[in-house]
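>>> this one's structure only:
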(Lines give C-alpha, C1' and ligand atoms only; values in the text may rest on other atoms or scores of the structure.)
Protein backbone atom coordinates (compact mmCIF):
# COMPACT_ATOMS: atom_id res chain seq x y z
CA UNK A 1 0.00 0.00 0.00
CA UNK A 2 1.28 3.48 -0.85
CA UNK A 3 0.55 6.61 1.14
CA UNK A 4 0.60 10.18 -0.03
CA UNK A 5 2.00 12.67 2.46
CA UNK A 6 2.49 16.41 2.36
CA UNK A 7 5.90 18.04 2.28
CA UNK A 8 5.51 19.20 5.90
CA UNK A 9 4.62 15.66 6.99
CA UNK A 10 7.67 14.40 5.10
CA UNK A 11 9.87 16.90 6.93
CA UNK A 12 8.50 15.65 10.25
CA UNK A 13 9.67 12.12 9.46
CA UNK A 14 13.22 13.26 10.11
CA UNK A 15 14.02 12.74 13.75
CA UNK A 16 16.88 13.89 15.87
CA UNK A 17 18.15 10.30 15.61
CA UNK A 18 18.43 10.59 11.82
CA UNK A 19 20.30 13.87 12.16
CA UNK A 20 22.75 12.39 14.67
CA UNK A 21 23.41 9.38 12.43
CA UNK A 22 23.95 11.49 9.30
CA UNK A 23 26.04 14.08 11.17
CA UNK A 24 28.20 11.32 12.67
CA UNK A 25 28.79 9.76 9.25
CA UNK A 26 29.65 13.20 7.86
CA UNK A 27 32.09 13.84 10.71
CA UNK A 28 33.81 10.53 9.89
CA UNK A 29 34.58 11.83 6.41
CA UNK A 30 31.76 10.32 4.37
CA UNK A 31 30.27 12.45 1.59
CA UNK A 32 26.57 12.80 0.86
CA UNK A 33 26.52 10.06 -1.78
CA UNK A 34 28.23 7.58 0.58
CA UNK A 35 25.78 8.45 3.36
CA UNK A 36 22.86 8.02 0.95
CA UNK A 37 24.15 4.60 -0.09
CA UNK A 38 24.53 3.38 3.49
CA UNK A 39 21.32 4.85 4.93
CA UNK A 40 18.96 4.56 1.98
CA UNK A 41 18.13 8.27 2.29
CA UNK A 42 18.10 10.52 -0.76
CA UNK A 43 21.01 12.96 -1.07
CA UNK A 44 18.57 15.85 -0.89
CA UNK A 45 17.31 14.49 2.45
CA UNK A 46 20.86 14.26 3.75
CA UNK A 47 21.56 17.84 2.72
CA UNK A 48 18.31 18.87 4.40
CA UNK A 49 19.41 17.17 7.63
CA UNK A 50 22.89 18.72 7.50
CA UNK A 51 21.79 22.21 6.45
CA UNK A 52 22.25 23.82 9.90
CA UNK A 53 25.42 21.90 10.80
CA UNK A 54 28.69 23.85 10.94
CA UNK A 55 30.33 22.79 7.66
CA UNK A 56 33.07 24.68 5.86
CA UNK A 57 31.91 25.02 2.27
CA UNK A 58 34.43 26.17 -0.32
CA UNK A 59 33.77 26.86 -4.00
CA UNK A 60 34.49 23.30 -5.08
CA UNK A 61 32.07 21.82 -2.55
CA UNK A 62 29.44 24.44 -3.43
CA UNK A 63 29.71 23.29 -7.06
CA UNK A 64 29.32 19.66 -5.92
CA UNK A 65 26.07 20.19 -3.99
CA UNK A 66 24.53 22.88 -6.21
CA UNK A 67 22.51 20.51 -8.42
CA UNK A 68 21.14 18.53 -5.49
CA UNK A 69 20.15 21.75 -3.72
CA UNK A 70 18.72 23.34 -6.85
CA UNK A 71 16.42 20.39 -7.44
CA UNK A 72 14.74 20.80 -4.04
CA UNK A 73 12.10 23.20 -2.81
CA UNK A 74 14.78 24.83 -0.61
CA UNK A 75 15.83 27.00 -3.58
CA UNK A 76 13.50 29.66 -5.00
CA UNK A 77 13.37 29.66 -8.77
CA UNK A 78 10.96 32.51 -9.53
CA UNK A 79 11.59 36.15 -8.66
CA UNK A 80 9.41 39.16 -9.33
CA UNK A 81 10.34 42.83 -9.10
CA UNK A 82 8.08 45.79 -9.82
CA UNK A 83 8.42 45.45 -13.58
CA UNK A 84 10.60 42.42 -14.09
CA UNK A 85 10.63 38.66 -13.66
CA UNK A 86 13.47 36.19 -13.40
CA UNK A 87 12.94 32.45 -13.72
CA UNK A 88 15.68 29.93 -13.05
CA UNK A 89 15.81 26.27 -14.08
CA UNK A 90 18.32 23.45 -13.92
CA UNK A 91 19.37 22.83 -17.52
CA UNK A 92 20.86 19.83 -19.23
CA UNK A 93 24.61 19.72 -18.77
CA UNK A 94 24.62 20.86 -15.15
CA UNK A 95 23.87 24.53 -15.69
CA UNK A 96 21.32 27.02 -14.43
CA UNK A 97 19.35 28.69 -17.20
CA UNK A 98 17.56 31.99 -16.71
CA UNK A 99 14.66 33.78 -18.38
CA UNK A 100 14.55 37.49 -17.65
CA UNK A 101 11.79 39.80 -18.79
CA UNK A 102 10.94 43.44 -18.19
CA UNK A 103 8.53 45.73 -20.09
CA UNK A 104 11.13 46.42 -22.80
CA UNK A 105 13.42 43.39 -23.08
CA UNK A 106 13.70 39.63 -22.86
CA UNK A 107 17.04 38.00 -22.11
CA UNK A 108 17.70 34.27 -21.82
CA UNK A 109 20.93 32.62 -20.92
CA UNK A 110 22.99 30.61 -18.46
CA UNK A 111 24.44 31.58 -15.12
CA UNK A 112 25.77 28.87 -12.81
CA UNK A 113 27.46 29.85 -9.55
CA UNK A 114 30.73 27.99 -8.88
CA UNK A 115 30.95 26.73 -12.44
CA UNK A 116 33.75 24.12 -12.56
CA UNK A 117 34.33 24.67 -8.82
CA UNK A 118 35.63 28.21 -9.34
CA UNK A 119 34.61 31.11 -7.09
CA UNK A 120 32.83 32.93 -9.89
CA UNK A 121 29.39 33.11 -11.47
CA UNK A 122 29.66 33.46 -15.26
CA UNK A 123 26.65 34.94 -17.08
CA UNK A 124 26.14 34.21 -20.77
CA UNK A 125 23.10 35.18 -22.81
CA UNK A 126 21.94 33.39 -25.92
CA UNK A 127 18.68 35.20 -26.71
CA UNK A 128 17.96 38.94 -26.60
CA UNK A 129 14.73 40.62 -27.69
CA UNK A 130 13.76 44.27 -27.85
CA UNK A 131 9.99 44.22 -27.34
CA UNK A 132 9.45 47.72 -28.72
CA UNK A 133 11.00 46.99 -32.11
CA UNK A 134 10.33 43.26 -32.21
CA UNK A 135 13.96 42.69 -33.16
CA UNK A 136 15.85 39.84 -31.58
CA UNK A 137 19.24 38.16 -31.60
CA UNK A 138 19.34 34.41 -31.20
CA UNK A 139 23.06 33.88 -30.62
CA UNK A 140 25.59 33.77 -27.79
CA UNK A 141 26.70 37.19 -26.56
CA UNK A 142 30.46 36.46 -26.25
CA UNK A 143 30.69 39.21 -23.59
CA UNK A 144 32.35 36.97 -20.98
CA UNK A 145 30.45 38.60 -18.12
CA UNK A 146 30.15 37.40 -14.53
CA UNK A 147 28.37 38.63 -11.44
CA UNK A 148 30.26 41.08 -9.24
CA UNK A 149 29.94 38.95 -6.12
CA UNK A 150 30.29 35.22 -5.48
CA UNK A 151 31.34 34.27 -1.92
CA UNK A 152 34.39 32.05 -1.57
CA UNK A 153 33.07 30.17 1.46
CA UNK A 154 30.11 29.46 3.72
CA UNK A 155 29.83 28.12 7.27
CA UNK A 156 26.80 25.92 6.59
CA UNK A 157 24.60 24.59 3.83
CA UNK A 158 21.88 26.95 5.08
CA UNK A 159 24.20 29.93 4.47
CA UNK A 160 24.70 28.67 0.91
CA UNK A 161 20.93 28.28 0.48
CA UNK A 162 20.42 31.83 1.75
CA UNK A 163 22.94 33.13 -0.82
CA UNK A 164 21.18 31.26 -3.65
CA UNK A 165 17.77 32.61 -2.60
CA UNK A 166 18.71 36.21 -1.78
CA UNK A 167 22.03 37.46 -3.15
CA UNK A 168 22.47 35.36 -6.31
CA UNK A 169 19.23 36.60 -7.96
CA UNK A 170 20.10 40.24 -7.15
CA UNK A 171 23.62 39.85 -8.54
CA UNK A 172 22.29 38.07 -11.62
CA UNK A 173 19.73 40.80 -12.35
CA UNK A 174 22.44 43.50 -12.02
CA UNK A 175 24.60 41.63 -14.54
CA UNK A 176 21.63 41.01 -16.84
CA UNK A 177 20.95 44.76 -16.93
CA UNK A 178 24.59 45.36 -17.95
CA UNK A 179 24.28 42.75 -20.71
CA UNK A 180 21.07 44.37 -21.99
CA UNK A 181 22.79 47.75 -22.20
CA UNK A 182 25.67 46.26 -24.18
CA UNK A 183 23.43 44.24 -26.49
CA UNK A 184 20.99 47.04 -27.27
CA UNK A 185 23.83 49.28 -28.50
CA UNK A 186 25.44 46.64 -30.73
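Ah, there it is. These numbers were taken from a predicted model, which means no experiment stands behind them.

>>> closest to the centroid, which residue in the protein?
residue 70 (4.9 Å; C-alpha atoms, centre = their mean).

>>> give the other helices and strands that the longest helix seen in the chain contacts.
Secondary structure assigned by DSSP state H gives helix 168-184 as the longest helix of the chain. Using 3 or more C-beta pairs under 8 Å, 6 or more residues apart in numbering; DSSP states H and E, the elements in contact with helix 168-184 are strand 85-91, strand 95-101, strand 105-110, strand 122-130, strand 145-146. Where you see a C-beta, it was placed from the backbone N, CA and C, and this is true even at glycine.

>>> export the ones you listed to TSV and tack on distance to residue 44, mean neighbour count and mean pLDDT?
Shown next, in TSV, are the helices and strands packed on helix 168-184 (distance: least, C-beta to C-beta, whole Å; neighbours: other C-beta atoms under 10 Å; pLDDT from 0 to 100):
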stretch	distance to residue 44	mean neighbour count	mean pLDDT
strand 85-91	13	15	95
strand 95-101	17	19	96
strand 105-110	23	19	96
strand 122-130	25	19	95
strand 145-146	28	18	94
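
>>> kindly reformat the ones you listed as JSON lines containing distance to residue 48.
JSON lines is the format used below for these (distance: least, C-beta to C-beta, whole Å):
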{"stretch": "strand 85-91", "distance to residue 48": "18"}
{"stretch": "strand 95-101", "distance to residue 48": "20"}
{"stretch": "strand 105-110", "distance to residue 48": "27"}
{"stretch": "strand 122-130", "distance to residue 48": "28"}
{"stretch": "strand 145-146", "distance to residue 48": "30"}
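
>>> ok, which of those comes nearest residue 166?
strand 85-91 (13.0 Å; C-beta to C-beta).

>>> and the closest one, how far out from the chain's middle?
9 Å (C-alpha atoms, centre = their mean, to the nearest Å).

>>> what lines up beside that strand in the sheet?
strand 78-80 (antiparallel), strand 95-101 (antiparallel) (DSSP bridges).

>>> give me the contact list for that strand.
Contacts to strand 85-91, defined as C-beta atoms under 8 Å, 6 or more residues apart in numbering, come from residues 67, 70-71, 77-80, 96-102, 110, 169, 172-173, 176.
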